[in-house]
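build the 3D model from these lines:
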Amino acid sequence: MATFSLKTVQKIPVDIETAWEFFSNPANLQKITPGNLGFKILSKHHGEKMYPGQIIEYKVKPILGIPIYWMTEITHVKDKEFFVDEQRFGPYQLWHHQHHFKVIDGGVEMTDIVHYRNPLGFLGNIANALLVKAQLKQIFEYRIKVVEELFGKWPTTQTNSVEFHKAA
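You can find the predicted model right below:
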């Protein structure tokens, strides 16, 4: 059974306070998720500010419009530097998502690192090759596009990136 990872890096022309306020508010996740996934936050008591131990519940429709329940916990938060969410219940056997923020000249560099493992052993690995990897790439590329629309494009020709790796 394989563990996969993806990493995205995006430079955003805003100050750290603006970036942190937006990305650490769970309600904004729906704004940066493609509409075709039918993503909806279900939890009513998750609060507006992120904190360790926070539980956020969602419904998402990743395959054939079939709704799936997903619960994540915010396990680590360092104000204006990083936070981590981990799946407690949902479509993956493992989901560990790090969100890092670094002040750079002209704005903020945001890095997402996700480690994930699909269920069903070798069938999950096949599903990753046929569907999951492409869908995650599409989701994170969509996020990059929406963040550029919300906050502006980085003023250089450097492109933002989405990279995948398979752990040994």
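
what about residue 103, how many residues close to it?
13 (other C-beta atoms under 10 Å). All C-beta spots, glycine's among them, are computed from the backbone N, C-alpha and C.

now tell me what touches the helix ranked longest in the chain from outside.
As assigned by DSSP state H, the longest helix anywhere in the chain is helix 133-151. Residues outside helix 133-151 that contact it (C-beta atoms under 8 Å, 6 or more residues apart in numbering) are 4, 6, 8, 10, 12-14, 18-19, 22, 31-34, 37, 62, 110, 112, 114, 116, 160, 162, 164.

ok, which stretches of the protein are helices?
16-23, 121-127, 133-151.

list the residues that contact the residue lying closest to residue 17 once chain neighbours are set aside.
Excluding the flanking residues, the one nearest residue 17 by C-beta to C-beta, 6 or more residues apart in numbering is residue 80, at 7.3 Å. Taking C-beta under 8 Å, 6+ apart, we find residue 80 in contact with 16-17, 20, 101.

of all those, which two lie farthest apart?
In these, the most distant members under the criterion C-beta to C-beta are 17 and 101, with 10.4 Å between them.
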